[in-house]
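got a predicted model here, sequence first, then my questions.
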Amino acid sequence: MQPPAHAGEFAQLMSALRHLAPLQKCEIFFGQDGARDDVALSGAALAPLHTLANMRIFQLLHAPIAFEPEAVRALARAWTRLESLQLHAPMQHPGHLRLKDLTAFAEHCPSLRLLILQVSPVAGDWRCDPGVRTSTSSLVHLNLNKSIIDPLAAARVAEYLAVIFPAASVRHEFWEEQSEAAAVIDRIDELKDMLVPQGMADVAEWDSSEDAESESSEDEESE
């Protein structure tokens, strides 16, 4: 479907879709006019769709929407069955949300396996929130599109992603001539791989030792 560029008419479309309770897959193409500089939407524009609790696959193409932290959390809490979320931003409005807001998807969307979006620029002094907890998210593919991340923040971003999306590979969609920006995300993916396997190995080793002790105890009891 291709909604008109006018924000008011876009809101009408959202209101109409909210009544399709069984809807599990939705693709919305904002159209070329939707990328105009004079069109700006709040993340609350998608609030009517929060009633669609069965949503599994959602794609929003070229919509100039800036997701406030509250809007991200509300969306993640509403779509707990989500498996694939693709938010492709237009060139004029590249940043959909903040990097640290990805935590909401790790906390509330346990079935999410594909996440494509573009975060707002990440500065060299970026820090994640100290309260972030280790996640059991099943996310496999995280595509940060053309997100700009300062090289000085690469290690901290990798550590953050290793905590919230331990099983996910980190990819991008930079062109060949954008090699410097691409290299930062490639480095983040490499660093994340170095962090996650060791943690997973420790957990596996602990589980194995626990099982061994349990079996040993059972053998002794049986004797």
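Done, it's in.

residues in contact with His108?
73, 76-77, 80 (CB atoms under 8 Å, 6 or more residues apart in numbering). For the C-beta atoms, the positions are set from N, CA and C on the backbone; glycine is no exception.

between these, which is nearest Phe67?
Of all the contacts of His108, Arg73 has the smallest distance to Phe67: 9.7 Å, by CB to CB.

what strand or helix carries that closest one?
Arg73 is part of helix 69-78, with elements assigned from DSSP states H and E.

quick one: Pro69 from Leu75, how far?
11 Å (CB to CB, to the nearest Å).

circling back to that earlier point, so what touches the helix holding Arg73?
So helix 69-78 is contacted by 42-44, 46-47, 49-53, 55, 67, 82, 97-98, 101, 104-105, 107-109 (CB under 8 Å, 6+ apart).

of these, buried ones?
Buried members of those, scored by 16 or more other CB atoms under 10 Å, are 43-44, 46-47, 49, 52, 55, 67, 82, 97-98, 101, 104-105, 107-109.

so which of these sit within strands?
The strands, defined by DSSP state E, take in nothing from these.

in the protein, which helix or strand is least confident?
Among the helices and strands of the chain, helix 179-222 carries the lowest confidence by mean pLDDT, DSSP states H and E, at a mean of 65.

so how far is stretch 168-178 from its chain's centroid?
Put simply, stretch 168-178 sits 15 Å off its chain's centre (CA atoms, centre = their mean, to the nearest Å).

buried residues of it, list them for me.
168, 170-172, 174.

do stretch 53-70 as well
Neighbour-count burial for stretch 53-70 [16+ other CB under 10 Å]: 55-56, 58, 60-67.

show me where pLDDT drops low in the chain?
Along the chain, the parts satisfying pLDDT under 70 run over 1-8, 31-40, 91-95, 197-223.

one more time with 50
Along the chain, the parts satisfying pLDDT under 50 run over 1-4, 33-35, 37, 199-218, 220-223.

all helices for the chain, in order.
Counting by DSSP state H, residue ranges of the helices within the chain are 7-17, 69-78, 103-108, 154-164, 179-222.
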